[in-house]
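J.: fold the following, please.
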Amino acid sequence: MATTTTMHNRGRAGSDHPSGRFRIESVDLLRGVIIVIMALDHVHDFFGAPGANPTDLATTTAPLFLTRWITHFCAPVFFLLTGTGARLALQRLSRNELSRFLLTRGLWLLFLEVVVMRFALQFNLDYQVTIITVLWALGWSMIVLAGLIHLPDRAIVAFGVILVAGHNLLDGIPATAFGDFAPLWSVLHAPGFLINTPRHGVFIAYPLIPWLGVTALGYTLGQAYRWSDERRRALLLRLGAGLVAGFVLLRLLNVYGDPFPWSVQKSPLWTLLSFLDTNKYPPSLLFLLMTLGPALLLLRVFDVGTPRWLRPALTIGKVPLFFYVLHFYLIHLLAVAACYLRFGHVDGMFRSPDLGHFPFTAPAGWAAGLPVIYLLWGVVVLALYPLCRWYADIKRRRKDWWLSYL
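T.: The predicted model follows:
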């Protein structure tokens, strides 16, 4: 039975919401906060040092490491809340209808990844180099979830836990062990090339196994939004604190959960950075514990309502895919403009011949400092907010079927 706060968190569902979409305000708020943080990472991708690894302790700085580290929370939250949102959709759809929606939505995300977002990243159509990223994995997660939702919740939980907690057991298996099927291993577990010829390369950056597990667990978490406030908040608190404690304990033991153990460094600060430096590609068990634990605690905090100063993030969280697509185009356009103003030419901004020159071939001296990157991040978010507010209002007032796909 829904309680008063739960009804408030639905964001005026039902008769006050012509689209009939069932929404939980705290879920939209967390999604919005995370997607705003995500934009920081992508601004750095376009304006930072080409090819540099912000988490390489041998070359990074503490501010740069922490800037990258805070954006680590984005992908795990996207996948978790994708599953949660699917479960909430059962408030308005039958299980068969939800299954069909997840299948078609998943296929749509695959199209967006390889066509719309590839162009946004590279501004060319030569397909010489293509890096497959988050929408690919989200699309396949939805397609797999379309079948999983017909199983009992316990089976779905078991599926999710096995994939998330057990996939690091596969770390020692190289793709070459599968011979001609090595590209399949890149799709499932270890980042690598799906296609690698002199003319075309397709690199899989988001292997599926752990992300499928996170989405499945997010789906079962959605059931908690049919519980009483007290029971749901207690669950979020226990789960969040338990995952954080599990991360600290397992990371201290240095025996399982991440392929790269931490070590004592030149100072306590750098030792802490080593402790936090867990593997994202693919996301290790420790990476997921480190990010999903605090995310669940934030869901608990947001469950009591949205602070006024976070209302803009709530608006963005209601139209996450809309923001996601537009912000890449805006960032890349800003990069082209910056290149022309600084260097007088933009030739390299449309060329990405190999992984070392992705998403474009930057001129010498391209990298901007962190203050400039943070400033540009603010510009991108502020520029897109009015568009997100406009589109969120359209989705609130209308119920056209296509609105569910963007």
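J.: was I right to think Leu145 contacts Ala86?
T.: Yes - counting by C-beta atoms under 8 Å, Leu145 does reach Ala86; the two are 5.9 Å apart. Backbone N, C-alpha and C define where each C-beta goes, glycine included.
J.: intersection of neighbour lists for these two?
T.: Both Leu145 and Ala86 are in contact with 102, 219, where contact means C-beta atoms under 8 Å, 6 or more residues apart in numbering.
J.: how about the strands in the stretch 101-250 of the chain?
T.: When secondary structure is read from DSSP state E, counting those that start in this stretch, the stretch 101-250 of the chain shows strands at 129-132, 192-196, 201-204.
J.: tell me the most buried of those strands?
T.: strand 129-132 (a mean of 22; mean count of other C-beta atoms under 10 Å).
J.: what about that strand, distance to the chain center?
T.: In terms of C-alpha atoms, centre = their mean, to the nearest Å, the centre of strand 129-132 is set 17 Å apart from its chain centre.
J.: just to revisit the earlier point, and the strands of the stretch 101-250 of the chain as TSV, adding mean pLDDT and distance to Tyr219?
T.: Compiled in TSV, the strands of the stretch 101-250 of the chain are given as follows (pLDDT from 0 to 100; distance: least, C-beta to C-beta, whole Å):
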stretch	mean pLDDT	distance to Tyr219
strand 129-132	95	23
strand 192-196	94	27
strand 201-204	96	24
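J.: run through who's touching the helix or strand hosting Trp69.
T.: Taking DSSP states H and E as the criterion, Trp69 maps to helix 62-71. Helix 62-71 is contacted by residues 37-38, 40-41, 44, 54-55, 57, 269-270, 273, 276-277, 370, 373 when judged by C-beta under 8 Å, 6+ apart.
J.: does His345 touch Thr361 like I think?
T.: No - taking contact to mean C-beta under 8 Å, the distance of 11.3 Å between His345 and Thr361 leaves them out of contact.
J.: give me the low-pLDDT residue ranges for the protein?
T.: In the predicted model, the chain carries pLDDT under 70 at residues 1-22.
J.: just checking, what's the longest helix in it?
T.: The helix spanning the most residues in the chain, taking DSSP state H as the definition, is helix 370-397.
J.: wait, Ile394 touches Leu403, no?
T.: Yes - with the criterion set as C-beta under 8 Å, Ile394 and Leu403 qualify as a contacting pair; they are 7.2 Å apart.
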